[in-house]
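Q: with the sequence up front, the predicted model follows.
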Amino acid sequence: MATAAQWIQGARLRTLPAAIAPVLIGSAAAYELQSFRLPNAILAALVALLLQLGVNYANDYSDGIRGTDEDRVGPLRLVGSGAAKPGQVKWAAFALFGAAMVCGLILVIITQTWWLILVGIGCVLAAWGYTGGKNPYGYMGLGDVFVFVFFGLVATLGTTYTQAGQLSLAAVIGAIGTGLIACALLMANNVRDIPTDIVAGKKTLAVRLGDRHARESYVLMLAVAILLVIVLAPAKPWMLIVLLLIPACLTPAWLMVNGKKSKSLIPVLKQTGLINLGYSVLFSLGLVLSRGF
């Protein structure tokens, strides 16, 4: 029987900034459109956080029963380590998905955007299908695409739309930026796991690109995400405060390019999560200041 501390460790709380970042940006974009609604923002945040935790447990379960995590480097995996039974982890994931759907349904009822029910179903199916089912897309190198779409575009633009009923260029730029940083986080994780993923037959994008190019793609994604705000600068000069994040990116970028051992990449995961959170805070602050001035 896994302890409470092991369940918390298995939840991989360091990934939660990737869930809250798009909600912050989407809410700030709604504020710029003079349509910020706190209850809607809270519900969107709950949906994102519950889905992220559900994804973490679902991946733990699916990778564990496939044997992918037997020689894993990094955070504890409940199933792979034998700390918890596979069924327990699977139902924990399902419970979190169910809670996310309830929060999402309440948000749909409040906003009367009934078509978002289909988006919500798609989010849950994508969350489970990453490593679950007979043909998990995460094993085919498509995980990065789905992370960009759901943890970038859908989460950010969905947050803005359920508050403002419309979208803006700033919301789209922010969605792309946070989506790219989320993909960078996934890339760092998958570069670390290349040796074990090859043995397990898990063909992530990192495996397909190869170690060197996968590391370079991490740096490219961070650079594009941060520099993309320049598009908004002519009309919103305050958006350039996002560039203050560049120094924080130097250390993880250097580790990704030069860190040869898998364990040397573990700090990059935490740092990239914090970069995503910092990006969302600075991006949101830029939007708030742009409206005020």
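A: It's in. Residues are numbered from 1 along each chain as shown.

Q: and the helices in the chain?
A: Along the chain, counting by DSSP state H, helices occupy 4-10, 17-32, 38-66, 78-81, 86-111, 116-129, 143-148, 155-164, 169-192, 194-200, 205-209, 211-227, 246-258, 266-292.

Q: ok, which of those comes nearest Pro237?
A: Pro237 lies closest, by CB to CB, to one member of the helices of the chain: helix 266-292, at 7.8 Å. Using the backbone N, CA and C atoms, a C-beta is placed for each residue, glycine as well.

Q: okay, now Gly273: neighbour count?
A: Neighbourhood size, Gly273 [other CB atoms under 10 Å]: 22.

Q: could you tell me how far it is located from Lys202?
A: With distances taken as CB to CB, to the nearest Å, Gly273 is found 22 Å from Lys202.

Q: and for Leu232?
A: Noted for Leu232: a distance of 38 Å to Lys202, by CB to CB.

Q: and Ala235, what does it touch?
A: Each residue near Ala235 by CB atoms under 8 Å, 6 or more residues apart in numbering is listed here: Ser290.

Q: what of the one 4 residues further on?
A: Counting by CB under 8 Å, 6+ apart, Met239 touches Ala170, Val229, Leu232, Ala233, Phe283, Gly286, Leu287, Ser290.

Q: need the buried ones from those residues selected in ChimeraX.
A: Restricted to buried positions by 16 or more other CB atoms under 10 Å, the ChimeraX selection for the contacts of Met239 reads:
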select :170,229,232,283,286,287,290
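
Q: just the closest of the contacts of Met239 to Asn40, please.
A: Relative to Asn40, the closest of the contacts of Met239 is Leu287; by CB to CB it sits at 16.9 Å.

Q: where does the closest one land on pLDDT?
A: pLDDT for Leu287: 96.

Q: is it correct that it is in contact with Ala29?
A: Yes - assessed by CB atoms under 8 Å, Leu287 is found in contact with Ala29 at 6.2 Å.

Q: any shared contact partners between the two?
A: The contact sets of Leu287 and Ala29 overlap at Ala170 (CB under 8 Å, 6+ apart).

Q: give me every residue that touches the residue most central in space within the chain.
A: A centroid search over the chain (CA atoms, centre = their mean) returns Ala18, at 3.8 Å, as the residue closest to the centre. Residues near Ala18 by CB under 8 Å, 6+ apart: Gln52, Phe151, Thr178, Ile181, Ala182, Leu185, Gly273, Asn276.

Q: try Pro17
A: Pro17 touches Gly273, Leu274, Asn276, Leu277, Ser280, counting by CB under 8 Å, 6+ apart.

Q: neighbours of the third one, how many?
A: Asn276 is flanked by 29 other residues according to other CB under 10 Å.

Q: my guess is it meets Ala21, correct?
A: Yes - Asn276 lies in contact with Ala21 (CB under 8 Å); the separation is 4.7 Å.

Q: overlap of the contact sets of the two?
A: Taking CB under 8 Å, 6+ apart as the criterion, Asn276 and Ala21 both touch Thr178, Ile181, Ala182.

Q: mind giving me a markdown table with the residues you listed and columns for distance to Gly165?
A: Formatted as a markdown table, the shared contacts of Asn276 and Ala21 follow (distance: CB to CB, whole Å):
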| residue | distance to Gly165 |
| --- | --- |
| Thr178 | 21 |
| Ile181 | 27 |
| Ala182 | 26 |
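
Q: for Gly80, state which of those is nearest.
A: Checking these one by one against Gly80 (CB to CB), the nearest turns out to be Ala182, at 23.4 Å.
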